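Enquirer: coords please:
(one chain, ligands or ions: 1)
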Amino acid sequence: MRIFILLLLFPFVASASCFDDLQSMGWRVKAVQSPSGFCSINEAVRLYATDTTTFHPSVLLSCSTAKDVGMWAKYISAKRVDNVGGYVCRKQRSSIFPSQHSFGKAIDVTAIDGVPISKDWHSAYKAGCKFFNTVLTPMHDSLHHDHLHMDNGYGYSCLFDIVR
Ligand SMILES: [Zn+2]
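Expert: As a prediction, the model looks like this:
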């Protein structure tokens, strides 16, 4: 009941289950108000660090995506993940459809422990497909030459995993 009242008072606070989950694992996260309008985020959180990995800069994501990103970073034993953004309200650069970034459901990773994705991305990609259904690598197209795009939207690139 108390949680219910809390949610009524602070409707923007991420749901008790997901946000509390991340906090209870010792992750540095902050519940934030979702942007309004078409590009809104379900349970918006700012992810600063997990118990093992810091994110540079901190990244705005949906809580469930923050969890996937953090679990992926832990899985590959990354201490530092550099990224160029989670939430961005925009269309996919190669189509008319909204990007998963528009809903805080995607992240673009540029470096892991100081090593640029353009130099080394295979193992991060393989691990990414354990947590996401779409992982686009520098092999995908020139738009992704310097980062790994990961999301759990409607894509399914990991199903057709042809990367060795
Ligand atoms: Zn992206």
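Enquirer: rest of the way, CA atoms for contacts and neighbours
Expert: Fine.
Enquirer: and residue 20, what are its phi and psi?
Expert: Per-residue torsions, residue 20: phi -60, psi -40 (degrees, to the nearest 10).
Enquirer: could you pull out the helices for the chain?
Expert: Under the criterion DSSP state H, the chain contains helices at 2-9, 16-24, 63-75, 122-131.
Enquirer: Relative to residue 146, which of these is closest?
Expert: Minimum separation from residue 146 across the helices of the chain (Cα to Cα) falls at helix 122-131, 13.2 Å.
Enquirer: which parts of that closest one are buried?
Expert: Neighbour-count burial for helix 122-131 flags 124-129, 131 (criterion: 16 or more other Cα atoms under 10 Å).
Enquirer: What is that helix packed up against?
Expert: Helix 122-131 sits against helix 63-75, strand 134-136, with contacts defined as 3 or more Cα pairs under 8 Å, 6 or more residues apart in numbering; DSSP states H and E.
Enquirer: and the ones you listed, which is most packed in?
Expert: Sort those by mean neighbour count, taking mean count of other Cα atoms under 10 Å, and strand 134-136 sits at the top with a mean of 24.
Enquirer: which residues sit against it?
Expert: The contact list for strand 134-136 (Cα atoms under 8 Å, 6 or more residues apart in numbering) reads 125, 128-129, 144, 148-153, 155-158.
Enquirer: How about stretch 91-106?
Expert: The contact list for stretch 91-106, computed with Cα under 8 Å, 6+ apart, reads 39-42, 44, 60-62, 65, 86-90, 107, 149-153.
Enquirer: Pull out the buried members of the residues you listed.
Expert: With burial judged by 16+ other Cα under 10 Å, the buried subset of these is 39-42, 44, 60-62, 65, 86-89, 107, 149-152.
Enquirer: quick one: which of these sit in strands?
Expert: Here DSSP state E is the test, and these give 44, 60-62, 107, 149-151 as lying in strands.
Enquirer: Could you dump the residues you listed into a markdown table and include distance to the ion?
Expert: Shown next, in a markdown table, are these (distance: Cα to the ion, whole Å):
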| residue | distance to the ion |
| --- | --- |
| 44 | 18 |
| 60 | 13 |
| 61 | 12 |
| 62 | 14 |
| 107 | 6 |
| 149 | 4 |
| 150 | 7 |
| 151 | 8 |
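Enquirer: OK, contacts around the closest residue to residue 49 other than its chain neighbours?
Expert: Distances taken as Cα to Cα, 6 or more residues apart in numbering put residue 28 closest to residue 49, at 5.0 Å, once the chain neighbours are dropped. Residues near residue 28 by Cα under 8 Å, 6+ apart: 22, 47-51.
Enquirer: Got a quick PyMOL command for the buried subset of those residues?
Expert: Of the contacts of residue 28, the buried ones can be selected in PyMOL as follows, counting by 16+ other Cα under 10 Å:
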select buried, resi 22+47+48+49+50
